[in-house]
Every structure is written in structure tokens, then in C-alpha cells.
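Colleague: missing the sequence, but the structure's below:
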């Protein structure tokens, strides 16, 4: 069964460093998303991406964040200069149409020291 | 703005008991979609069910059932005859009707602990 994959599973970085989180959505899906979950808290929407552009972003998704679909399969989230408060689990998701369920990847746990 | 509230933070039951999880939502849209996701201790988010706002028929799928009541903006979820493997955090989520890229707004989650 097709699934969303994410790499790495765990990333440790120093404050101020840039990180890139990678995702491979399900191949026939058209909409892509990033969410984050700070430990013990709820899942929060960051950004949605459709037709090679951002369709919506949250207040959390400031200038430090960017997304890209560099080829036909990968979908990346870049944080330019990480802060301690960026430590969280980051989930990538995809779906084949607006009103269908989103399928989530296993997440990347980001730890900023 | 859309909002999802799960008032129960944690529920503890003994195996084979039924568990009902409450979810109340707020939205200005007349067309929207409601979801339940499960997050087991391993951390992934697993899709369970989806319901759209114009279909209030309640259904049963295996040990899962849900009760959607538009009049009270509630979308409750029941696990029948719970098992230890049902121990997880359960999230209710809402998606509004927009042009593209409908984001999910999640509730705070309810941790379910099923004891043997």
C-alpha cells in the first residue's frame, strides 16, 4: 500500500543552523502539507502546497520557513535559522483531492540544542 | 475561524469496555469535513474515519462508530469492546471548504489507556 515517507526520522541541530526535512508524498496525490506537533501538544498546520505553489500558510510559517518540490517526488521543508522553540515532530501529509483524507508520514523529530 | 475542542484529555478503561470520545467543532462554513485520527505510542498519525457535513448518517465500521450531530456541532467517536492495542491519543480534526489545500484543524487530543 502506498505511503508517505519522511527522512530523517530524527534530526538534531544547533540553534541557528539550517535544516531541511524531506518527504516523499504518495505518488498520485496533488496536495501536500506540513504540520508540526510540539511534544505533548496538538498537531498544528504549517503550510499547504498545490500546483507548485503555497496555497495557505499559518502564522507559524514565517520567513524562516520555506517549502519546495524540487522534483516530481520530493517535498521539502526548510528552516533557515533554527530556534529552540522549533523543536517538535514535523509531519508531512498528502491527499489526492481537497476533500479527501490526508495521509501522514511517520514524522521527523527535530531537536534544536 | 475554525476550532475543534476535545474536552476529555485522558480516558482510562479496562479491556472490553466501550470508549466514547467527544468532539465539538466551530466553523462558519456550511460545507466541511470531519475526521478522526489515531496516534499510537509510536507517534505516527493514522487516519480512521471521514465524514462530510451534508451526511449526518451515523455508521459503524468494525469496532468503530461515530455520532455526527450538526445541531450540536458534535462528532463523537466510539470504540466498542476496547483492546489494549487501542491505547493511543485520538485526534478529531476539521477541514473547511476552500478552493485548494484544505488544512486540517486538530483538537487537543484525548489519550485513551486500555488496561488488560
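Modeller: All right, it came through fine. The model shown is predicted, which means the values in this text are computed figures rather than measured ones. Numbers count the residues shown, from 1 in each chain, chains lettered A, B, ... in the order given.

Colleague: Touching, residue A:23 and residue A:74? I think so.
Modeller: Yes - using C-beta atoms under 8 Å, residue A:23 is in contact with residue A:74, at 7.0 Å. In this view, the C-beta of every residue, glycine as well, is placed from N, C-alpha and C.

Colleague: more neighbours, these two?
Modeller: Using other C-beta atoms under 10 Å in any protein chain shown, the more surrounded residue of residue A:23 and residue A:74 is residue A:23, with 26 against 13.

Colleague: Return the residues in contact with the closest residue in space to that one that isn't next to it in sequence.
Modeller: In this structure, residue A:23 finds its nearest non-sequential neighbour in residue A:92, 3.3 Å apart by C-beta to C-beta, 6 or more residues apart in numbering or on different chains. Residue A:92 makes contact with A:4, A:6, A:21, A:23, A:25, A:32-34, A:75, A:77, A:104-105, according to C-beta atoms under 8 Å, 6 or more residues apart in numbering or on different chains.

Colleague: what pairs with the closest residue to residue A:15 other than its chain neighbours across the strands?
Modeller: Spatial nearest neighbour of residue A:15, excluding adjacent residues (C-beta to C-beta, 6+ apart): residue A:112 at 5.6 Å. Going by DSSP bridges, residue A:112 is paired in beta bridges with residue A:13.

Colleague: which residues touch residue A:112?
Modeller: By C-beta under 8 Å, 6+ apart, the residues touching residue A:112 are A:13-15, A:82-87.
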